[in-house]
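Asker: Compute the structure for the input listed below.
(2 chains)
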Amino acid sequence: MLGTAAGVGATAASGCLGLLTDFLGGGGPAQLSVTIKTVPADTDPVMTQIARQLVNRLNAIGVNAGFELLSRAQLRQDVLMNNDYDIYVGEFPAHGDPDFMRPMLHSVFAGESGWQNPFEYSDLTVDEHLTAQREQSGSDRKLAVGDLQRAVAREQPIGVIAHPEEIWTARDDRFTGWDEFPLVNPLSYLSLQTRGQTTDRRERLRVTTTNGTPTGNLNPLSAMHRYRGTFTGLLYDSLGEYYDGTVNPWLARSWEIDTSGETTTATVTLRSSLRWHDGQPLTASDVAFTYRFLNDTTLGNGETAVPAPRLRGRASIVEETTVRDARTVELQLGSAARPVAERVLTTPILPAHIWESTTAQASAAGLDMTPYPTEAIVADNSTPVGNGVLQFEGSTDGESLVLTRFDEHFMHRNRSSDPAERFDGGIPFNRLSVRIVPSDAAAVELVAADEVDATAMSIAPNSVSRVGNHDELNLFTEKSRTFYHVGFNTRQVPLGNGHFRRLIMRLLDKGQIVEEALDGYGTHGVTPLSGTDWVPADLTWDGEDPQVPFIGEDGELDEQRAKELFREAGFGYDDNGRMIAR
Amino acid sequence: MIVSIPWPLLRQIILIVGILVVLGFVIIIGFDRLRRLRYEYRERLAAVYPYILLLAITLVLNSFIRNNGQGLSWLLDIQITGLIYSIDGNLVATIQSYATDELTQFFTYIYIYGYVFLMVFPFFAYLAKDEMQSFRELMLAYTFNYTIGVICYILFIAYGPRNWLYPDVRSLMYIHWPQSQIITGEINSNTNVFPSLHSSIALTVMLLANRTRDTYPLWLLVSTPLAICVLIATMYLGIHWGVDVVAGAVLAVISVEGAKHLTDDQGRNRYIDGAAARIVAALLYPLYVAREWLSEIRAGMDS
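Answerer: Below you'll find the model as predicted:
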């Protein structure tokens, strides 16, 4: 109750009002103010709940904490593009291999926009570990990744809270095979089979999602509009696809990775007669173009390089590309060891003949990134030309998206002894229609009413019981690598201070969050890799966080103790119990 | 648009509100007035069409702006939810702490059926009155509501309590009845809660019912509790803040006073009448020309 009362006053006093009261207050020391940004409960109730709790608790310990709700795209614009935030609560699109932490936290990416180090974090030790894990393999790499996690868990530039499970629901009266991959993974659509003995394709697969972005924007480079990139993943294929624990050949028939020399090289051979959706041939030059382009969307024409805000982490390994012939390309991968080198190959390949004309400087309302963005970054790409198993047919903004089977795709031609035979037969339908709904609850009801076959997104834990109300619905869950986290803008005082970040994280009871907000559908996060074999024994969850244990018990914050700890870390309080900004 | 409308729910709304309106015909309007309306409805519609046209244009513009104005809202970036919350505090959470399944059911029906009935019935009731002043005022007051409302929606970004105070406040209606979310146009508009248009329209109807209490005393008795239930429903269901409801009440008063101010004692406004006449003339002129032309040709063929 106390926390709530403090919250009321403090919220009113944020921003300009805060300045005014400080001024009227006679120039005493100003109270420390931070704003926490996240998305509304309609979009993600878990994030709202975590952020709300953090705001209340910061207010309870004398920080003037403001709360700001933003749409998904606006939050990403503020955090990833404009660096206009103090603290946010969000979800991170992590991958199977720990190298995703390199673009996330290495200081060379601090100046870049997009998913590259949005925390503007720079720490020599973390940098060293990030570089080491890239260069090693086997048990050496495992040790390096362990050290890296220790440094990150200690410093908390990003406070990992929990890895939520993917939860999806589908009806199996027309299609089966829903359990192979979560439906956020494009490969799930290739794993479906038509129900019954028939091998005929069905006319239509109908799915629904709460995210309307793909109906107006299908730009695979946009960090603002893409999160998992499910639909762009169906539209754009990569050289290799990650499944069954490794990267497997996809657009590439095969590759050779040579780590013996000074620099690692990957020699990739494409499949024969690949085509883009517009009929143009897909060649090794498109592959070379893609990696160059992701690293600099001006293609060298700008004053400085403008890397893509998304997919850049993987592409950044590529130092040079050489086209050997129409089907062979050689990639110079610096000092990357094999696992990191293979991850490079999972980058979607773009058609050079479309994207090479998008290198000019551009602007978009509200976007405030430096250096200036290129057309490639701000483009809607609302009628994409890709190479994937599905091609674009049409969309109605905010309502629906229709993709059709790309019959020229290598998956859909007669093949023999194919490396990707696991997905034999390709897409078992002619059309995929995606319908946008306002909430997870509405999405589940649409599946129940047989208006759609499945939810294309992960549904929130608070909608799970709704699935149980309908016998004909199947519920699927799977561990996911993404994680809910608190992100700190380390450029802001005092968020650059590791002690301060650690104490903020200690205001949250991760155990209670997993139990209540996630309803048990998730694992406690200690490091970005929690729940995988990469985590060293000293960083596993053991009833509490080994690095940033909750200050309190059973979800109740011990406010006095918390204040003491902040004081000990050098954060002073005035006579009214307000933490003073330094 | 057609893709996402749940027709079964829409049919249900039309059916239930239809029944309520028919009951209202019998009980509130009465057979005498209905009989007169049957003979005079053409003349009456001809007398008030400028005001119907004005409201229709407003509603079309309103839905266009609401669907396309979100980008502009974010560019202006005037976020007022924190300010609203600092005034409102835990009012809605307190109201929701009394929630029961029965109350949720009740307020959901009020929010959907009760509200639509409240909004639609005066069209018929005032068309059945002997003078058209009340009808014109109704049209103008609705126009004021939607115009000022949409300006506020573009100007301010405000999330409702169900988004801001989750999990202390939950979206009760959508939990019990997710389909209703699709029809209430929640897809792009969860930043449009200030002011509460549900509240302002309900109160506008109530204020106008008070002005026509001599003709329809029963309507005042029906609309007053119904309007108050709508106000409570918007908060109980977690959709609006108390501040939104108060702002809605202010908007209702402005709208009714504005409508009175703009009209003479017959409810007429010569600018609206003039503009409507011009619009209709412009629309009909080509038809007139075509008819003249055809009759000329016909005359030519006869001779």
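Asker: Following element in sequence after the lowest-mean-pLDDT helix or strand in chain B, please.
Answerer: Among the helices and strands of chain B, helix B:179-183 carries the lowest confidence by mean pLDDT, DSSP states H and E, at a mean of 69. Heading C-terminal from helix B:179-183, the first helix or strand you meet, by DSSP states H and E, is helix B:197-211.
Asker: Report the mean per-residue pLDDT for that following helix.
Answerer: Across helix B:197-211, pLDDT averages out at 97.
Asker: same for that helix, what does it pack against?
Answerer: Using 3 or more CB pairs under 8 Å, 6 or more residues apart in numbering or on different chains; DSSP states H and E as the contact test, the elements touching helix B:197-211 are helix B:115-127, helix B:133-155, helix B:217-236, helix B:242-262. In short, each C-beta sits where N, CA and C put it, glycine included.
Asker: what's the neighbour count on the residue in the stretch 1-150 of chain B that chain A sits nearest to?
Answerer: Residue of the stretch 1-150 of chain B nearest chain A, by CB to the nearest CB: B:Ser86 (3.5 Å). Using other CB atoms under 10 Å in any protein chain shown, B:Ser86 is surrounded by 18 other residues.
Asker: what's the distance between the residue nearest to A:Leu282 when sequence neighbours are not counted and B:Tyr142?
Answerer: Spatially, and ignoring its direct neighbours in sequence, A:Leu282 is nearest to A:Leu274 (3.9 Å; CB to CB, 6 or more residues apart in numbering or on different chains). To B:Tyr142, A:Leu274 is 59 Å away according to CB to CB, to the nearest Å.
Asker: I figured the residue nearest to A:Leu282 hits A:Phe410, correct?
Answerer: Yes - in this structure, A:Leu274 is within contact of A:Phe410 by CB atoms under 8 Å, at 6.6 Å.
Asker: quick one: common contacting residues for these two?
Answerer: Common neighbours of A:Leu274 and A:Phe410, counting by CB atoms under 8 Å, 6 or more residues apart in numbering or on different chains, are A:Leu251.
Asker: between A:Leu274 and B:Tyr142, who's got more neighbours?
Answerer: More crowded of A:Leu274 and B:Tyr142, by other CB under 10 Å: B:Tyr142, with 25 against 21.
Asker: what about that one, distance to B:Asp101?
Answerer: 34 Å.
Asker: Just list the residues touching the nearest residue to B:Phe135 once chain neighbours are set aside, thanks.
Answerer: Of all residues not flanking B:Phe135 in the chain, B:Tyr126 sits nearest, at 3.9 Å (CB to CB, 6+ apart). For B:Tyr126, the contacting residues are B:Met132, B:Ser134, B:Phe135, B:Leu138, B:Thr212, by CB under 8 Å, 6+ apart.
Asker: Count the neighbours of the nearest residue to the last one once chain neighbours are set aside for me.
Answerer: Spelled out, it's B:Thr212. Leaving aside its chain neighbours, B:Thr212 sits nearest to B:Ser134 (5.2 Å; criterion: CB to CB, 6+ apart). Counted with other CB under 10 Å, residues neighbouring B:Ser134 total 20.
Asker: B:Ser134 contacts B:Arg213, doesn't it?
Answerer: No - contact between B:Ser134 and B:Arg213 fails when scored by CB under 8 Å: they sit 11.0 Å apart.
Asker: so where's the stretch 51-200 of chain B uncertain?
Answerer: B:182-188 (pLDDT under 70).
Asker: one more time with 90, if that's ok
Answerer: B:62-75, B:77, B:130-131, B:167, B:171-192 (pLDDT under 90).
Asker: Residue numbers of it in contact with chain A?
Answerer: B:67, B:71, B:74-75, B:79, B:81-83, B:85-86, B:89-90, B:159, B:162-167, B:171, B:174-175, B:178-179, B:181-182, B:186-188, B:190-191 (CB under 8 Å from any CB of the partner chain).
Asker: buried subset of these?
Answerer: B:74, B:79, B:81-83, B:85-86, B:89-90, B:159, B:162-167, B:171, B:174-175, B:178-179, B:181-182, B:186-188, B:190-191 (16 or more other CB atoms under 10 Å in any protein chain shown).
Asker: tell me which helix or strand of chain A sits lowest on mean pLDDT?
Answerer: Quick look at chain A via mean pLDDT, DSSP H and E: least confident is helix A:2-12, a mean of 38.
Asker: Check the spacing between the residue positioned nearest the centre of chain A and chain B real quick.
Answerer: For chain A, the residue nearest the mean C-alpha position is A:Pro93 (2.0 Å; CA atoms, centre = their mean). A:Pro93 sits 23 Å away from chain B, taking CB to the nearest CB, to the nearest Å as the criterion.
Asker: Just to check, that residue is in contact with A:Tyr227?
Answerer: Yes - counting by CB under 8 Å, A:Pro93 does reach A:Tyr227; the two are 5.9 Å apart.
Asker: contacting residues for residue 169?
Answerer: Let's take chain A. A:Val444, A:Val447, A:Ala454, A:Thr455, A:Ile459, A:Val467, A:Leu473, A:Asn474, A:Leu475, A:Phe476.
Asker: hmm, I had chain B in mind actually
Answerer: Counted by CB under 8 Å, 6+ apart, B:Val169 has contacts B:Val92, B:Ala93, B:Gln96, B:Pro161, B:Arg162, B:Gly238.
Asker: same thing but 10 Å
Answerer: Taking CB atoms under 10 Å, 6 or more residues apart in numbering or on different chains, we find B:Val169 in contact with A:41, B:90-97, B:160-163, B:235, B:237-239, B:241.
Asker: do A:Asn381 as well
Answerer: A:217-222, A:225, A:232, A:235, A:350, A:354-355, A:358, A:392.
Asker: go on, A:Glu544?
Answerer: Neighbouring residues of A:Glu544 by CB under 10 Å, 6+ apart: A:Asp509, A:Lys510, A:Gly511, A:His524, A:Val526, A:Phe550.
Asker: repeat for B:Tyr111
Answerer: Taking CB under 10 Å, 6+ apart as the criterion, B:Tyr111 is in contact with B:172-173, B:177, B:180, B:184, B:198, B:229-230, B:232-234, B:236-237, B:239.
Asker: one more time with 7 Å
Answerer: Counting by CB atoms under 7 Å, 6 or more residues apart in numbering or on different chains, B:Tyr111 touches B:Met173, B:Val230, B:Ala233, B:Leu237.
Asker: Can you give me the neighbour number for the closest residue to the last one other than its chain neighbours?
Answerer: Nearest-residue entry for B:Leu237: B:Met173, 4.4 Å, with adjacent residues in sequence omitted and distances by CB to CB, 6+ apart. Close neighbours of B:Met173, defined as other CB under 10 Å, add up to 25.
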